[in-house]
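> model the structure of this input:
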Amino acid sequence: MTTTLTSVQGKAGILASLGRTVCMTALTMTALLNPMVSMAQSSFQFGVVGHSFASNADDAVLRRALADSDNENLAFLIVNGIKASGEPCSDSLYEERRDLLQTSQHGVVVAVAASDWVSCRNQSGNVAIERLNRLRELLFTDEFSLGATRIPLLRQSLMPQFRAYAENARWEFGDILFATINIPVTNNHFVQEGGRNGEFEDRLIANKDWLQRLFKLAAQRRLPGIVLFCDANPLAQPGQRPFLLHGQRDGFAEMRLRINQLAAGYHGKVLLVHGESLKSESSANGIVWHHNLGSLGVASGWVRLKVDNHSTALFALAGNGKNGKSTKNRKSTPIVPQYPASPQLPQSTEQPEPTEQSQ
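Numbers count the residues shown, from 1 in each chain. Now for the predicted structure:
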């Protein structure tokens, strides 16, 4: 009996060993026969659609950008804003634009714009906060992106103390950390009138904690880069914004300080992609760099950005939908995005706030 049991155990061990060998061989052959699996992780492109409704309420610009981007090999697509400020802030319009974004062949992540909620009014007055909350309910209902490729996202709303901020989301691709953050172009929705700026102050606390966690996660994982998507350019100085010259309080001061502070202590590169077009920002490749912190404004149309982990530049502007070189007729193997499960964000470690002059 003992001999028989030993024989059975021996055969089971041999079969298990053969099974592991076959499995490892299959994985090795898959990697060799499909190099795009690894290539997609080290070198890839993503698209950014600028504010399609900045000048008018016609969704033709957005439709054209979605159609053009469908012809490209993109890991995902970012869309800044879904409506013009003069359009109705109705549920039906929000749902209409959401359904339009769902038609994209790529995973679509929305970066909320000021025109989506800040200027919303009805007969009773300003309803910006109510409309922002409704927008969250309609567009950010689960832990996935819009579009045909469902990108798994980790939203800030998973944290009980920031349950309202579902628009702030993050994901990883190719060892790069990507994240959206709600910073509206209208002076970060700082209300000049007296009294407590409740929405501004509460969102400021949430955004600062969100940034702290993102940078800590990237540092812990030794990721080479972080890309942030938002409506406004919080890095711009007050002198670049004419309305601030008339005595308004700079609503971006805290965000500018926090991003500069965190980027200075980060080993990799940080790229901030926003929807503003400031005259003082221009460079040959579209990205303005200050040390390891870069800024790119996509105010209209749409652009393709390339990420290359083997390049010292890491990020580069690959082209745009209006004047850039199209790859519509190029023969290439489509990138099949593979999104690993994202770990929970680390605990935030708040530090005393330095003054902006100490930068």
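> helices of this structure, start to end?
Taking DSSP state H, the helices of the chain run over residues 2-33, 36-42, 60-69, 91-102, 128-139, 198-220, 253-264.
> name the residues that touch the fourth one?
It stands for helix 91-102. 59, 62-63, 66, 79, 82-83, 87, 108, 110, 134-135, 138-139, 146-147 (CB atoms under 8 Å, 6 or more residues apart in numbering). In this view, the C-beta of every residue, glycine as well, is placed from N, C-alpha and C.
> which of those residues has the largest number of neighbours?
Counting neighbours by other CB atoms under 10 Å, Val79 leads those with 28 neighbours.
> ok, the nearest residue to that residue once chain neighbours are set aside - how many residues close by?
Spatial nearest neighbour of Val79, excluding adjacent residues (CB to CB, 6 or more residues apart in numbering): Val49 at 4.6 Å. Residues near Val49, counting by other CB under 10 Å, number 29.
> I figured Val49 hits Ala67, correct?
No: Val49 lies out of contact with Ala67 (CB atoms under 8 Å); the separation is 11.4 Å.
> now stretch 248-257: buried residues?
Buried residues in stretch 248-257, counted by 16 or more other CB atoms under 10 Å: 250-252, 254-257.
> closest one of those to Lys269?
Arg256 (18.0 Å; CB to CB).
> what about that closest one, distance to His291?
For Arg256, the distance to His291 (CB to CB, to the nearest Å) stands at 15 Å.
> for Leu139, same thing?
From Leu139 over to His291 (counting by CB to CB), the distance is 35 Å.
> what's the farthest-apart pair in the buried residues of stretch 248-257?
For the buried residues of stretch 248-257, the farthest-apart pair by CB to CB is Gly251 and Leu257; their separation is 12.5 Å.
> I'd say Phe53 and Asp116 touch.
No: judged on CB under 8 Å, Phe53 makes no contact with Asp116 at a distance of 9.1 Å.
> okay, now the unreliable bits of the stretch 101-250 of the chain?
Counting by pLDDT under 70, the low-confidence segments of the stretch 101-250 of the chain come to 194-195, 243-246.
> how about a cut-off of 90?
119, 123-126, 191-197, 237-249 (pLDDT under 90).
> okay, the residue nearest to His106 when sequence neighbours are not counted and Ala67: tell me how far apart.
In space, and not counting its chain neighbours, His106 is closest to Leu77: 4.4 Å by CB to CB, 6+ apart. Remark: distance between Leu77 and Ala67 (CB to CB) = 12 Å.
> more neighbours: those two, which one.
Leu77 (29 against 13).
> residues contacting that one?
With the criterion set at CB under 8 Å, 6+ apart, Leu77 makes contact with 46-49, 66, 69, 104, 106-109, 147.
> ok, Ile176 next?
Contacts for Ile176 (CB under 8 Å, 6+ apart) come out as 223-227, 307, 309.
> swap the cut-off to 6 Å and go again
225, 307 (CB atoms under 6 Å, 6 or more residues apart in numbering).
> for the nearest residue to Phe190 once chain neighbours are set aside, what are its contacts?
Leaving aside its sequence neighbours, Phe190 sits nearest to Gly251 (CB to CB, 6+ apart; 3.3 Å). Neighbour list for Gly251: 187-188, 190 [criterion: CB under 6 Å, 6+ apart].
> just to revisit the earlier point, columns distance to Ser300 on top of the buried residues of stretch 248-257, output as a markdown table?
Formatted as a markdown table, the buried residues of stretch 248-257 follow (distance: CB to CB, whole Å):
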| residue | distance to Ser300 |
| --- | --- |
| Asp250 | 25 |
| Gly251 | 23 |
| Phe252 | 21 |
| Glu254 | 28 |
| Met255 | 23 |
| Arg256 | 24 |
| Leu257 | 29 |
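> separation between the closest residue to Ala179 other than its chain neighbours and Leu228?
Closest residue in space to Ala179, ignoring its immediate chain neighbours: Arg170 at 3.9 Å, by CB to CB, 6+ apart. The gap separating Arg170 from Leu228 is 10 Å, by CB to CB.
> what of Gly286?
Distance of Gly286 to Leu228, computed by CB to CB: 16 Å.
> higher neighbour count, the two?
Neighbours around Gly286 and Leu228, counted as other CB under 10 Å, are more numerous at Leu228. The numbers are 24 against 17.
> can you count the residues close to the residue lying closest to that one once chain neighbours are set aside?
Excluding the flanking residues, the one nearest Leu228 by CB to CB, 6+ apart is Leu272, at 4.8 Å. Applying other CB under 10 Å, we find 23 residues neighbouring Leu272.
> read off the pLDDT value for Leu272.
pLDDT, the model's per-residue confidence, is 97 for Leu272.
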